[in-house]
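J.: need a structure here:
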Amino acid sequence: MKAVVVAGADDLRVEDIAEPHAGAGEVRVAMEWGGICGSDLAYWKYGASGTAILREPLILGHEVAGRIDEIGEGAEGFERGQAVTIHPATLVGDYEVPEALKGRDNLWPQVRYFGSAAFVPHEQGGFSTYRVVRADQIRVLPEGLSTREGAVAEPLGVAIHAVKRAGDLCGKRVLVNGAGPIGALVVAAAKHAGAGEVWVADIAAPALDVAKAMGADHVVDRSKGEELPKNVEIAFDASGASRAFGDIFLALERGGRFVQVGNLPAGEVPVALGQLVTREIEYVGSYRFSDEITDAVAAMAEGLNVEPLLTHTFDIDDALEAFQTAADRSTGSSKVMLKLS
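T.: Have a look, this model is predicted:
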């Protein structure tokens, strides 16, 4: 079968590898679609994503969907041909967690994640013809929801988790800083959660166009010096650009909440925090998701439209071109999709 493999910095290949087969309690998914994420790009460009460093070849991809084609013994309730997406996390170790953290599996001390080099051996991803997974990782897609859309359930789950971290958004004024794929999905998730007015800011006009199509009421092109709104109740940063935080703090009303969903560098970052104190801003982190991938499937079934996000499509054999397109904002790319079969 074919697989998109990164062997080191600037070393991306489409390789032929052995087909896996479902064991007890497992199913095999014939993969159809995958979305390229920032961590996939980091492994390709730098041979690392954050503190996870490549030590062996890694099949990339954690935003994936396909159809069940093989069912192992004891994996009940499934049918061949069912359209599914996959929860990419596996909890590792036997830990006692505080009562307050029960159910927040994204904060489990050790987690193996599709397409991640955090552990050795690495957790292989889903950019391949087939992927075998535990039955409990399967999320069946309802009738009418395509596997192309289903591949977006993972990043939409990240956005929905961030929106939940913000609290009740009904009727509220919201600012999203950063209109990349996660920012655009936060816009859609915020509107789905009942936000009254959503502003989105970025320096790239094509990204702002996507965010507008995903439901933003107002866009702010910072490259043109356009001003952020005043007295928003909730702000999300989906950019990881810490130098912008001071302006976002000023855009928030006093006592507002700031949710950090964009990844920050592992080391020190420059940021003006004065307004965090004097305006008594609540600064909240948001990391991956627990089971909001299930909520994402339900939201899309209810009408949350992710199609405007899906700007480019490539066959698996053209994976390198797909990655180059995803990494180059001048292409106007947002979510670049791989057709895996």
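J.: show me where the protein has its helices.
T.: 38-46, 147-150, 153-166, 181-192, 205-213, 245-251, 274-278, 292-301, 319-327 (DSSP state H).
J.: so which of the ones you listed is nearest K339?
T.: For the helices of the chain, proximity to K339 was assessed by C-beta to C-beta; helix 147-150 is nearest, at 8.7 Å. Heads up, the C-betas are built off the backbone N, CA and C, glycines and all.
J.: run through who's touching the closest one.
T.: If you take C-beta atoms under 8 Å, 6 or more residues apart in numbering as the criterion, helix 147-150 is touched by 32-33, 65-67, 83-85, 141, 297, 300, 306-307, 310, 337.
J.: quick check on these: which are buried?
T.: With burial judged by 16 or more other C-beta atoms under 10 Å, the buried subset of the contacts of helix 147-150 is 32-33, 65-67, 83-85, 141, 297, 300, 306, 310, 337.
J.: show me what counts as buried in stretch 97-107.
T.: Quick answer for stretch 97-107 (16+ other C-beta under 10 Å): 105-106.
J.: any idea which of the helices of the chain is most buried?
T.: helix 181-192 (a mean of 28; mean count of other C-beta atoms under 10 Å).
J.: one step back: how about a markdown table for the buried ones among the contacts of helix 147-150, with distance to L250 and pLDDT added?
T.: Converted to a markdown table, these look like this (distance: C-beta to C-beta, whole Å; pLDDT from 0 to 100):
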| residue | distance to L250 | pLDDT |
| --- | --- | --- |
| E32 | 45 | 98 |
| W33 | 41 | 98 |
| A65 | 41 | 98 |
| G66 | 46 | 98 |
| R67 | 49 | 98 |
| A83 | 46 | 98 |
| V84 | 45 | 98 |
| T85 | 39 | 98 |
| L141 | 42 | 98 |
| V297 | 37 | 98 |
| M300 | 35 | 98 |
| V306 | 32 | 98 |
| L310 | 34 | 98 |
| M337 | 37 | 98 |
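J.: and of those residues, the nearest to L273?
T.: V306 (34.6 Å).
J.: and the nearest residue to the closest one once chain neighbours are set aside, what does it touch?
T.: Nearest residue to V306 in three dimensions, chain neighbours excluded: V152, at 4.6 Å (C-beta to C-beta, 6 or more residues apart in numbering). Each residue near V152 by C-beta under 8 Å, 6+ apart is listed here: 35, 63, 185, 296, 300, 306, 309-310, 335.
J.: equivalent analysis for E307, please.
T.: Counted by C-beta under 8 Å, 6+ apart, E307 has contacts E149.
J.: so Q137 is in contact with T85, correct?
T.: No: in terms of C-beta atoms under 8 Å, Q137 does not count as a neighbour of T85; the distance is 9.4 Å.
J.: output stretch 145-159 as CSV, restricted to C-alpha atoms.
T.: Only the C-alpha atoms of stretch 145-159 are listed here, as CSV (Å, rounded to 0.1, in the frame of the first residue of the first chain):
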residue,chain,number,x,y,z
LEU,A,145,-21.7,13.4,5.5
SER,A,146,-18.9,12.7,3.2
THR,A,147,-15.5,11.3,4.1
ARG,A,148,-14.0,14.5,2.7
GLU,A,149,-15.9,16.4,5.4
GLY,A,150,-15.3,13.7,7.9
ALA,A,151,-11.5,14.3,7.6
VAL,A,152,-12.1,17.7,9.1
ALA,A,153,-13.7,16.4,12.3
GLU,A,154,-10.3,16.3,14.1
PRO,A,155,-9.4,20.0,13.6
LEU,A,156,-13.0,21.0,14.1
GLY,A,157,-12.9,19.1,17.4
VAL,A,158,-9.9,21.3,18.3
ALA,A,159,-12.0,24.4,17.6
